[in-house]
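J.: Quick one: sequence and predicted model below, then my questions.
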Amino acid sequence: TIEEGGPAAEDVGAGELPWTPVMRAQGGQAALGEFAQWAVVGAPAGLGTDTLAAGLGAVLDTHDMLRARVAPGGRTLTVAGPGEPAAADLITRVDATRGRADRPGRTGPPYQTDALDRIADHAAREAVGRLDPAAGVLVQAVWVDAGPDRTGRLV
C-alpha cells in the first residue's frame with residue numbers, strides 16, 4: 001500500500017495470496033502434487049551439484065510462485081521469502097556414467113544419447129512423485145550426470 005505522500009512499500013514477493021486463475025479452474029486438483037510439466041535440456045559436461053544449486057537458487061529467489069505453499073484447508077497460497085526452500089534440497093543427481101542402455105548399473109560402454117533421454121524421462125516421472133504443494137515443494141531438478149566429458153541432461 002502507499003501511504004498518502006509516503007513511499008511505496010517494498011514488495012518482497014512473500015506472504016499470502018489467493019489461488020491463481022489456473023488453480024481455481026483446476027479446483028482441488030491444484031493442491032495435489034500430481035500435476036506437473038517439465039522440459040529436458042542438455043546439461044554441460046561436469047556440471048556439478050554446487051553450480052546447479054546456485055543456479056536453481058537464483059531462479060527460486062526471483063520466481064516467487066516457485067516458493068509458494070498451498071495453505072491447508074483454504075484456497076490461498078503462502079509464499080516464503082527468498083532462500084526457502086533450499087535449492088540443494090530440490091536436486092537429484094542420477095549417475096549415468098556407467099552401464100549400457102539395456103542393463104543400467106552394469107559396466108560397459110557409456111550410455112548412448114537415446115538412453116540418456118530415456119533415463120531423463122524416467123527420472124522426471126519419479127520427480128513428479130516428490131512434488132508436494134502443501135510442503136512448498138513445487139519444483140524438482142534432476143541432473144542426469146553423463147560424466148566430466150559428456151553432455152548430460154537436466155530435467
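T.: In hand now; what should we look at? Residues are numbered from 1 along each chain as shown.
J.: among the helices and strands of the chain, which has the poorest mean pLDDT?
T.: Lowest mean confidence among the helices and strands of the chain (mean pLDDT, DSSP states H and E): helix 21-26, at a mean of 84.
J.: Can you show me the CA trace of that helix as CSV?
T.: Coordinates of the C-alpha atoms in helix 21-26 are reproduced here as CSV (Å, rounded to 0.1, in the frame of the first residue of the first chain):
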residue,chain,number,x,y,z
PRO,A,21,-6.8,-18.3,-12.0
VAL,A,22,-5.4,-21.7,-13.3
MET,A,23,-5.5,-23.1,-9.8
ARG,A,24,-9.1,-22.0,-9.3
ALA,A,25,-10.0,-23.7,-12.7
GLN,A,26,-8.3,-26.9,-11.6
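J.: From the chain's centroid, how far away is that helix?
T.: Offset of helix 21-26 from its chain centre (C-alpha atoms, centre = their mean, to the nearest Å): 21 Å.
J.: Over to stretch 115-131?
T.: Offset of stretch 115-131 from its chain centre (C-alpha atoms, centre = their mean): 12 Å.
J.: secondary structure class for the closest residue to residue 83 other than its chain neighbours?
T.: Setting aside the residues directly before and after it, residue 83 is nearest to residue 61 in space (C-beta to C-beta, 6 or more residues apart in numbering), at 6.9 Å. C-betas here are computed from N, CA, C, even on glycine. Using DSSP: H, G, I helix; E, B strand; the rest coil, the three-state assignment for residue 61 comes out as helix.
J.: in terms of contact, does residue 61 touch residue 82 like I think?
T.: Yes. Counting by C-beta atoms under 8 Å, residue 82 is a contact partner of residue 61 at 4.1 Å.
J.: and residue 125, how many neighbours?
T.: Using other C-beta atoms under 10 Å, residue 125 has 12 other residues around it.
J.: that's a helix at it, yeah?
T.: Yes. Secondary structure assignment places residue 125 in a helix (three-state DSSP).
J.: Now do the residue nearest to residue 83 against residue 80, distance only.
T.: Relative to residue 80, residue 61 is positioned 11 Å away (criterion: C-beta to C-beta, to the nearest Å).
J.: Fine, thanks again, bye for now.
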